[in-house]
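Enquirer: got a sequence here, can you build the structure:
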Amino acid sequence: MNAYNFSTQGHTNIFPIAYQSQNIPFTEWVSLLTLGLAPLVAHIAAGVPQPSYLYERLPKWHERLCLYNPTSILWRYAAITDRRIRAKAWDKKDMAATNALFWTSRGWDGSEDMVTSASPYCTLFPEHSRINLFSREMLKTIIVTLQGTQAVVALGMALGGSSSSDGFVVFMGVDLIFFPLAFIGLVRLFCALWLTDDFAYTSLQSTRLIESTAAKNEDARISLDSLLDVDSGEPNSREDRFLPTSFWGSRVFRVAFLLPTLGLWVICVLFLLQPQGGKSFTITAFLVAIFYLIFLSISLVICGYYLARGRTTTAIPCIGSAWYQAYTVFLMGAGLALIVVACIETRRTACGRWTSAPIELGDWLACSNSRTPDVVDMGHYQNHGFGLASGMPSRDQHNNTLGQGEFWVHNFTGTCLGMLHSTLIKHSSTLEEVDLKTIQGIIQNNPSSL
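Expert: A predicted model of the protein is given here:
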């Protein structure tokens, strides 16, 4: 057993990495990793749109990779909401082009100009100019919003000193390393009414094929224009369709949008500083805090900069830059490293929760709650004040029957969960019932008797 120093005395104490997952069976590993990756997968699946390819050359792997960056997803939600606020007459055409992400000869393009320039390639418009209540996007929004609400409440309870079972396991295991990422679900609420995947744009190759077929066959009058259910008299220029970014509603939103991310950044900083004292971390908990501090700081700087500059494209403006691609690779590599470290340190506590803390500390922090406030460890480390009392066997080693008040104390190693309902205790010899407060008062009044 490793010797851990639990006394921080104002210093930051990081427990050395410990291999604690050796007793986890394969079936539990599958469940554990599924639970841990669920927030990450859910928010990527909900936030990354299906690209619409309008250029012959398809994007390379590193050009696709940036779409899955959580910072890109945050920006997309901001741009969609801002565009809806500034729209003079929001219609199906705006709905489709705003939710789409176009791959063009210039790279990824989500600008407002694509609303009209990409319309000849649209083969399917949304049924309405707002979200359909019975759609996949609405289901995604409900799921990620519930995850986000749970994450914020749990993190807030943990920050406020609530017990871990009611809130967040401070020394988290691999099941919770991506738990804070669920806050993106709350940011999604800004644009929830205008999200859809009920649209389709043809590729450039498909368009040419259709035109070629129509030219060769006079009887087959195929035209993409027939697929466009739009009014020919509608505005086509960007200025005619959208208000400028100086519009007061847009300015208010751009400030309000950053507040949830800023709030989570503050929680992350407080988690690292722990102003209430006792700065103790496992390697997993410390790396998770650093990971989110880096991600949130960079996201605030990037999104804040482009929002202040009045950028309106739904594809984050720096998506094609080498440094943003490098940042995306770093973020994904750091996430993979977190999974590896957390898998090494994760273990199951007595109450069934997962933690990366050693057994001397982790069980109490993870299992203590309003229902079982008392978590008593027996025999794991220097605690010999507890054992299991039993009257069996009824005879001793000399074949004598145990007398009144005699019993065996078993050398038991484990953890007891429950509640000490009263301060009444019984003496082991006489079984006399005594109030523990009485003994504590005598000791305080007669310190010389110690």
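Enquirer: ranges for the helices of this protein?
Expert: 26-47, 61-65, 70-86, 92-99, 114-117, 136-159, 184-187, 204-216, 238-241, 248-273, 283-308, 322-345, 359-367, 436-445 (DSSP state H).
Enquirer: G173: which of these is closest?
Expert: Nearest to G173 among those is helix 322-345; the distance by CB to CB comes to 6.3 Å. All C-beta atoms are positioned from the backbone trio N, CA, C, and that covers glycine.
Enquirer: C-alpha coordinates for that closest one, PDB please?
Expert: C-alpha atoms of helix 322-345 as PDB (Å, rounded to 0.1, in the frame of the first residue of the first chain):
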ATOM      1  CA  ALA A 322      -2.600  25.500 -39.400                       C
ATOM      2  CA  TRP A 323      -2.500  26.700 -35.800                       C
ATOM      3  CA  TYR A 324      -6.200  25.800 -35.300                       C
ATOM      4  CA  GLN A 325      -5.600  22.400 -36.800                       C
ATOM      5  CA  ALA A 326      -2.600  21.900 -34.400                       C
ATOM      6  CA  TYR A 327      -4.800  23.000 -31.500                       C
ATOM      7  CA  THR A 328      -7.400  20.500 -32.500                       C
ATOM      8  CA  VAL A 329      -4.800  17.700 -32.700                       C
ATOM      9  CA  PHE A 330      -3.500  18.700 -29.300                       C
ATOM     10  CA  LEU A 331      -7.000  18.700 -27.800                       C
ATOM     11  CA  MET A 332      -7.700  15.200 -29.100                       C
ATOM     12  CA  GLY A 333      -4.300  13.900 -28.000                       C
ATOM     13  CA  ALA A 334      -4.800  15.400 -24.500                       C
ATOM     14  CA  GLY A 335      -8.300  13.800 -24.300                       C
ATOM     15  CA  LEU A 336      -6.800  10.400 -25.200                       C
ATOM     16  CA  ALA A 337      -4.100  10.800 -22.600                       C
ATOM     17  CA  LEU A 338      -6.800  11.600 -20.000                       C
ATOM     18  CA  ILE A 339      -8.600   8.400 -20.900                       C
ATOM     19  CA  VAL A 340      -5.400   6.400 -20.400                       C
ATOM     20  CA  VAL A 341      -4.400   7.900 -17.100                       C
ATOM     21  CA  ALA A 342      -8.000   7.700 -15.800                       C
ATOM     22  CA  CYS A 343      -8.200   4.000 -16.800                       C
ATOM     23  CA  ILE A 344      -5.000   3.300 -14.700                       C
ATOM     24  CA  GLU A 345      -6.300   5.100 -11.600                       C
END
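Enquirer: who touches that helix?
Expert: 17-21, 33, 36, 40, 62-63, 65-66, 68-71, 172-174, 177-178, 282-284, 287-288, 291, 294-295, 298, 316, 318, 356 (CB atoms under 8 Å, 6 or more residues apart in numbering).
Enquirer: so for that helix, what's the average pLDDT?
Expert: Averaging pLDDT along helix 322-345 yields 95.
Enquirer: in that helix, what's buried?
Expert: 324-325, 327-328, 331, 335, 338-339, 341-345 (16 or more other CB atoms under 10 Å).
Enquirer: and the angle for that helix with helix 70-86?
Expert: Angle of helix 322-345 versus helix 70-86, following axes from the mean of the first three to the mean of the last three CA atoms, to 10 degrees, is 120 degrees.
Enquirer: helix 322-345 vs helix 283-308, what angle?
Expert: Using the same axes, to 10 degrees: helix 322-345 against helix 283-308 is 160 degrees.
Enquirer: helix 322-345 to helix 26-47, inter-axis angle?
Expert: Going by the same axes, to 10 degrees, helix 322-345 makes 160 degrees with helix 26-47.
Enquirer: how long is stretch 352-359 end to end?
Expert: Stretch 352-359 has an end-to-end distance of 13 Å (criterion: CA to CA, to the nearest Å).
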